[in-house]
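*Asks:* would you be able to build a 3D model of this:
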Amino acid sequence: MTERQWPNILITGTPGTGKTTHAAQLVEALQGAPSTSSAQWQHVNVGDFVKEKGCHSGFNEEWQSWDVDEDKLLDELELVQQAGAKVLDWHTCDLFPERWIDLVVVLRCDHQQLWNRLEKRGYQMNKIQENNEAEIMEVILNDARESYAPEIVVELQSETPEQMEQNLERILSWVEAWRSNRAEDDDDEEEEP
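*Replies:* This next block holds a predicted model:
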């Protein structure tokens with residue numbers, strides 16, 4: 001069990017499923033809710049973090065992305081995640097140690113809608129096809145299920161604004177329950193002789 005007072009949440013999914021939007025809005029909701037506003041919630045967009053901290057070996061022109069130096073990334077994130085109250089968002093999840101993450105949210109999207117979103121972003125055809133195939137084959141969901149305890153992995157649909165709102169409410173309720181469970185555990189420890 002973690003010693004953190006606040007959980008770390010990983011929001012993951014195929015590019016285009018709404019990770020960054022969910023993460024930013026979740027942090028805003030957590031900062032605004034009376035039961036969770038006492039924490040210094042932080043959104044960590046891991047893709048941006050890779051660029052800012054130089055956790056890469058250069059830019060891959062073919063895939064139009066940075067070649068991530070996973071060891072350096074983990075070293076840099078080790079310090080960031082320790083205090084908890086972090087909402088990380090990235091397109092993969094199996095890199096992060098299990099001890100860091102208290103909830104893994106895998107966002108899913110209909111593949112045709114995902115295709116349209118990626119086209120609007122200006123993705124190259126090879127990248128659209130690869131990401132669409134990954135979504136159809138549930139690659140990220142399977143990685144999450146293989147990398148983390150089943151009880152912390154949640155699959156949520158991310159196709160409409162209403163679904164996003166429901167997702168945020170669900171995660172906020174989960175954070176409140178996580179905190180409540182920690183408070184009960186602390187009370188139990190104090191009562192032991």
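*Asks:* what's the host helix or strand of Ile11 packed up against?
*Replies:* In this structure, Ile11 sits in strand 8-13 according to DSSP states H and E. Packing contacts for strand 8-13, counted by 3 or more CB pairs under 8 Å, 6 or more residues apart in numbering; DSSP states H and E, involve helix 19-32, strand 86-90, strand 103-108, helix 139-147. For every residue, glycine as well, the C-beta is placed using N, CA and C.
*Asks:* any idea which of the ones you listed is most buried?
*Replies:* Among the helices and strands packed on strand 8-13, the stretch with the highest mean neighbour count (mean count of other CB atoms under 10 Å) is strand 86-90, at a mean of 26.
*Asks:* between it and strand 103-108, what angle do the directions make?
*Replies:* For strand 86-90 against strand 103-108, the angle by axes from the mean of the first three to the mean of the last three CA atoms, to 10 degrees is 30 degrees.
*Asks:* can you give the contact residues for stretch 158-175?
*Replies:* 6-7, 9, 13, 17-18, 21-22, 25-26, 29-30, 33, 36, 103, 105, 107-110, 113, 154, 156-157 (CB atoms under 8 Å, 6 or more residues apart in numbering).
*Asks:* same check, this time on stretch 93-102
*Replies:* 2, 4, 7-10, 12, 70, 73-74, 77, 81, 84, 88, 104, 106, 140, 143-144, 146-149, 152, 178.
*Asks:* how far does the helix ranked longest in the chain sit from its chain's centre?
*Replies:* Ranked by number of residues, the top helix in the chain under DSSP state H is helix 161-191. Relative to the centre of its chain, helix 161-191 is centred 16 Å away, using CA atoms, centre = their mean, to the nearest Å.
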